[in-house]
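Participant: Okay, structure incoming, though there's no sequence with it:
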C-alpha cells in the first residue's frame, strides 16, 4: 500500500513542482491523507502517523483554534496571507486573520513562494525525523 | 539559511508538542488506565470509567491549550521581530 501511494505521488511530483502545472486540491490531498491514515491504522502505527503528519495537523489545529470552530472559507473575513507581488508572500498581521502554518512561517517576514515551499518541506522533514524517533521509542519499550 | 531561520521556532514548537504528547501518553498509560476507585459493582465501574475519561480529557485539553498559547506567543514575538527588522 505504501509503494502504491509512493508511486502515485512520484508520478504526480514533476507536474506539481514549482512552478506547478497541476494542483492536487482537496480531492488529491484528502485521498493522500486517507491513504496515510489507512496505512497507519493497518500497520498499528497510529501515534507514529500522527507525528509524521504533524505540519498538516498543526495547520488544521491553528485554523480551528484561531477562528473558534469549523468555518467555511467564505465565513472567514480575512485571508491568512497577502500576496505582495513579484512572487512574494507575507503574513496577514490582522487579529481577525486565521492563524495557519503559512501565516506562522511568514510572521518572521515576507518570503518568495519557492522559499515558503522549502520551509514547508523542512518542517515535513523534521516531522519525519520525529516520527522515526517515535517508532524507535515504541519498539524499545 | 534564510529558510532555516524562518522555521527554527516552529521546529521548537513541534519538538515541545511531540515531547508533551509522548509524556502525556505515558502518564495516561501508567496512571490513568490503572486508576481504581474502592467502589464495587456497576456504579463503581461506571464512576471509575467516568473519572478516567475526565482525567484523560482534562490532560488532553491542557496539552492543546499549552500548544496554542506557545504558538500565539511565538507568532507575536516573530511579528515584533519582523516589524523591528523592517524599520
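Facilitator: Ah, there it is. Remember, predicted model here, so these are calculated numbers, not experimental data. Numbers count the residues shown, from 1 in each chain, chains lettered A, B, ... in the order given.

Participant: Show me what from chain B comes close to chain A.
Facilitator: Residues of chain B lying near chain A by Cβ under 8 Å from any Cβ of the partner chain: B:2-7, B:9-11, B:13-15, B:17-18, B:21-22, B:25, B:64, B:67-68, B:71-72, B:74-75, B:78-79, B:81-82, B:85-86. Backbone N, C-alpha and C define where each C-beta goes, glycine included.

Participant: Let's see that with 7 Å instead.
Facilitator: B:2-3, B:6-7, B:10-11, B:14, B:18, B:68, B:71, B:75, B:78-79, B:81-82, B:85 (Cβ under 7 Å from any Cβ of the partner chain).

Participant: Could you give the number of residues near residue B:12?
Facilitator: 12 (other Cβ atoms under 10 Å in any protein chain shown).

Participant: give me phi/psi at the residue of chain A found nearest chain B?
Facilitator: For chain A, the residue closest to chain B is residue A:107, as judged by Cβ to the nearest Cβ, at 4.1 Å. As for residue A:107, its main-chain torsions (degrees, to the nearest 10) stand at phi -70, psi -10.

Participant: sorry, back to before: for ChimeraX, what selects the buried ones among the residues of chain B next to chain A?
Facilitator: To isolate the buried members of these in ChimeraX, using 16 or more other Cβ atoms under 10 Å in any protein chain shown:
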select /B:3,6,7,10,11,14,18,71,75,78,79,82
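
Participant: Helices of chain A, residue ranges please.
Facilitator: Along chain A, the stretches classed as helices by DSSP state H are A:2-16, A:25-42, A:46-52, A:54-67, A:101-106, A:113-140.

Participant: winner for burial among these?
Facilitator: Most buried of the helices of chain A, by mean neighbour count (mean count of other Cβ atoms under 10 Å in any protein chain shown): helix A:101-106, with a mean of 24.

Participant: Sort out for me which of the residues of chain B next to chain A are in helices.
Facilitator: B:2-3, B:6-7, B:10-11, B:14, B:18, B:68, B:71, B:75, B:78-79, B:81-82, B:85.

Participant: So the residue of chain A closest to chain B is in contact with residue A:90, correct?
Facilitator: No. Between residue A:107 and residue A:90 there is no contact under Cβ atoms under 7 Å: 9.3 Å.
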